[in-house]
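>>> Predicted model, plus sequence, below.
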Amino acid sequence: MRRLPLLLTAAALCAGLAYTGGLTDHPAAPAPAPPPATTRAAPPAGSALAAAIAADQRHLRARPEDAAAWARLGGEYVEQARLTADASYYPKADEALHRSLALAPDGNTDALTGLGALANARHLFAEAAEHARRALDAAPLHWQAWAVLTDARTQLGDDPGATDAAQHLLDLHPGTASFTRAAYDLEQHGRPDDARTALRRALADAYDPADQAFCRYQLAELDRNAGRAEAALDGYRSALATDPAHTAALAGQARAEAALGRTDDALAHYAQAAAKVPLPQYLLELGELHESLGHTAQAAEQYRLLRAEADLAAANGVVDDLALGQFEADHGDPGTAVRLLRAEWDRRHNVLVADALAWALHRTGADREALDLADLALAHGWRNALFHYHRGEIERALGRTGDARTDLERALATDPEFNPLQAPRARSALAALSR
């Protein structure tokens, strides 16, 4: 499918996205959630969200027959889980949304869209797509359902279906939610400059400080992923100045500081981020930074916490074999990683899963199978240093010296400090090939 150059007006982008491939999962390894798709208007943020939950709970004690309020409360629980990484909100959301649907089974688009957002959050992407389709059958212009469907289809690896959903989303609602999704798609297809243009448009359309901070954070991520650590650090700080509660920007600040060799600052900011929102990604990055500095006990503690968080998420209905598989490949049992990631690959053919499974297979010595998946991970042109490093090591194991050198050089040219453990290994591998 031919890909369109990003145009600068909303109308042009809406008209043109039909020529692009589907939007994809939010980058990082392990991958954080994509930009949230709300059920009605976006739930309030931070303390305002807690106050809204309390208000709806009080209202529903007096008016338990209010289907719309149950749907709203369910969406607020999903958002609270996202903000706090507390998966115990997911069963509460599930109960509230199903209560709404039981009270109003016909045309209840808010409950169906909320169930779709909940399923996406739990990584039950096929289920999310089904809920979104049911919502759209009842209300074809419900843009929030198109956002849920876009996210679900892209996570599933349904490129044509994701393109169609994204086109409808842009047609109906050309704003921050649409442009941030377009930006990530462009980055994954090797077009970071166009992605930056889309994010700047998203920032211009954003009015809520949390949305503005999200856009500034994503702009900083473009710089960080391209090896521009100083510019990224400025961007993360700008996001935090806009919204001091934006934990992802705090973790991003730590990531940039680590790349710049400011390891004491990085350790402190990672610890603050993980204490606020204990996402596996933050725990893994903090653990790997400790490990790179020879802090064996501190690294082991972060990895222990990561496993505990994964267990808690699983107990609350989250299926995240990707994050745990990535962890096992490098810090646990590669055989377990292959088992987990094969299961994830059976559920969705996403580039992040392709790369992770390729690396796990390499770690078990299955390099020929690994190379096919590593090629798939890079087939769209994403300038991803970690993907190139992984493929370079696989090629080196297969004796494909020239290809290995090319990929290792590309990894380090893209971002010379892409990972505190693996970037030094990439340099060592490249030096060994040059001898």
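Sure thing, it's come through.
>>> Look up the closest residue to L199, ignoring the ones flanking it.
A183 (4.5 Å; CB to CB, 6 or more residues apart in numbering). From N, CA and C alone the C-beta is placed, and that goes for glycine too.
>>> Check which helix or strand that neighbour maps to.
Taking DSSP states H and E as the criterion, A183 maps to helix 176-188.
>>> Quick one: list the elements packing against that helix.
For helix 176-188, the elements it packs on are helix 143-156, helix 159-172, helix 192-205, helix 209-225, judged by 3 or more CB pairs under 8 Å, 6 or more residues apart in numbering; DSSP states H and E.
>>> Out of those helices, which is the most enclosed?
helix 143-156 (a mean of 28; mean count of other CB atoms under 10 Å).
>>> could you give the angle of that one to helix 159-172?
Interaxial angle, helix 143-156 versus helix 159-172 (axes from the mean of the first three to the mean of the last three CA atoms, to 10 degrees): 160 degrees.
>>> Past whatever helix or strand N120 lives in, which element shows up next along the chain?
Assessed by DSSP H and E, N120 sits inside helix 109-121. Reading on from helix 109-121 to the C-terminus, the next helix or strand found by DSSP H and E is helix 125-138.
>>> gap between that next one and the chain center?
Centroid separation for helix 125-138 versus its chain: 21 Å, with CA atoms, centre = their mean, to the nearest Å.
>>> send the alpha carbons of it over as CSV?
The C-alpha coordinates for helix 125-138 follow below in CSV (Å, rounded to 0.1, in the frame of the first residue of the first chain):
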residue,chain,number,x,y,z
PHE,A,125,-7.1,-6.8,21.3
ALA,A,126,-9.5,-9.1,19.3
GLU,A,127,-12.1,-8.6,22.1
ALA,A,128,-11.5,-4.8,21.9
ALA,A,129,-12.1,-4.8,18.2
GLU,A,130,-15.3,-6.7,18.6
HIS,A,131,-16.6,-4.2,21.2
ALA,A,132,-15.7,-1.3,19.1
ARG,A,133,-17.4,-2.8,16.0
ARG,A,134,-20.6,-3.3,18.1
ALA,A,135,-20.5,0.3,19.2
LEU,A,136,-20.0,1.5,15.6
ASP,A,137,-22.9,-0.7,14.4
ALA,A,138,-25.1,1.4,16.7
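>>> buried set for that helix?
125, 127-136 (16 or more other CB atoms under 10 Å).
>>> and L233, how many neighbours?
Here the number of neighbours of L233 (other CB atoms under 10 Å) works out to 23.
>>> Can you classify the nearest residue to it once chain neighbours are set aside as helix, strand or coil?
Take L233 and drop its neighbours on the chain: the residue closest to it by CB to CB, 6+ apart is A256, 4.0 Å away. Here A256 is recorded as helix under DSSP: H, G, I helix; E, B strand; the rest coil.
>>> Test my guess that A256 contacts Y236.
Yes - in this structure, A256 is within contact of Y236 by CB atoms under 8 Å, at 6.1 Å.
>>> Find the residues that touch each one of those two.
A220 (CB atoms under 8 Å, 6 or more residues apart in numbering).
>>> what about stretch 305-312, average pLDDT?
Stretch 305-312 shows a mean pLDDT of 94.
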